[in-house]
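Trainee: sequence? don't have it. structure:
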């Protein structure tokens, strides 16, 4: 997939996981979208909420990437973990296994302190207020976010991990805007078993692709996670397409 293939993969993971996002954040997005129907204010609030949420994801990626860089000798186990987390997310979305719930429960300890702050921002009446709300809601315990975070962690640098989480967040934005515009119709569509299975199957393929690369197969598949940006000039001498 090339050196920047991990960005495209993270973008796709965010988009395909949107069915889960709608369940977690759809209520807020729907409320923002319907706050002032047909007026620019509603779209401004949705945009502010999305920017805040994606910004939090990017910050998470930068922090996780710094940890990943510190554990660089153990990069292969991190990539294996990322693959398993994506497989778990696919099973979660398909409704076949809900093992990620325990991770969400773990994140609930932090959310216990943040939730009261978000409550103070409701009801949202301005884009800056929506931006602040999105920044807080980005830390909502979410198995999909944690799966994407392990994928970012395996990129080996703070910058690459931040880019991965930025791409992941952008991948979820279309569903959030669609939910704001037509909450019930969008939620009904993505909750259809066939749609959820299709999205789950695609994420499952990403998970298996990550595991395949982590086990030393498919140089192109593992290439993005193994190269560090500062070493790109040296890596170009050895990279063959």
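Mentor: Right, received. Where do you want to start? Since the model is a prediction, treat every value here as computed from it, not as a measurement.

Trainee: quick one: secondary structure of residue 155?
Mentor: Three-state call for residue 155 (DSSP: H, G, I helix; E, B strand; the rest coil): coil.

Trainee: Tell me how many other residues surround it.
Mentor: Residue 155 has 32 neighbours, counted by other Cβ atoms under 10 Å. Glycine gets a C-beta too; all of them are placed from N, C-alpha and C.

Trainee: Ignoring the adjacent residues along the chain, who's closest to it?
Mentor: Using Cβ to Cβ, 6 or more residues apart in numbering and skipping residues adjacent in sequence, the residue nearest residue 155 is residue 161, 4.8 Å away.

Trainee: in what helix or strand does that neighbour lie?
Mentor: helix 158-181 (DSSP states H and E).

Trainee: Tell me if I'm right that residue 201 and residue 89 touch.
Mentor: No. If you go by Cβ atoms under 8 Å, residue 201 and residue 89 don't touch, sitting 12.0 Å apart.

Trainee: longest helix in this structure, by residue count?
Mentor: Counting residues, the longest helix found in the chain (DSSP state H) is helix 40-70.

Trainee: Residue 91 and residue 3, how far apart?
Mentor: Going from residue 91 to residue 3 by Cβ to Cβ, to the nearest Å gives 30 Å.

Trainee: again but with residue 176, I slipped
Mentor: Between residue 176 and residue 3 the computed distance is 29 Å (Cβ to Cβ).

Trainee: Sketch out the helices for the protein, chain order is fine.
Mentor: 5-16, 18-33, 40-70, 75-94, 101-120, 127-137, 143-153, 158-181, 183-190, 193-214, 219-226, 232-236.

Trainee: which of those helices sits most buried?
Mentor: helix 143-153 (a mean of 27; mean count of other Cβ atoms under 10 Å).

Trainee: Tell me which residues are up against that one.
Mentor: 6, 9-10, 13-14, 17, 20-21, 24, 57, 60-61, 64-65, 67-68, 78, 81-82, 85-86, 88-89, 92-93, 100-101, 103-104, 107, 138, 160-162, 164-165, 168, 210 (Cβ atoms under 8 Å, 6 or more residues apart in numbering).

Trainee: list the contacts for the nearest residue to residue 117 once chain neighbours are set aside?
Mentor: Nearest residue to residue 117, sequence neighbours excluded (Cβ to Cβ, 6+ apart): residue 136, at 5.6 Å. Residues near residue 136 by Cβ under 8 Å, 6+ apart: 52, 56, 114, 117, 118, 121.

Trainee: how about those residues, which pair is most distant?
Mentor: 56 and 121 (14.1 Å; Cβ to Cβ).
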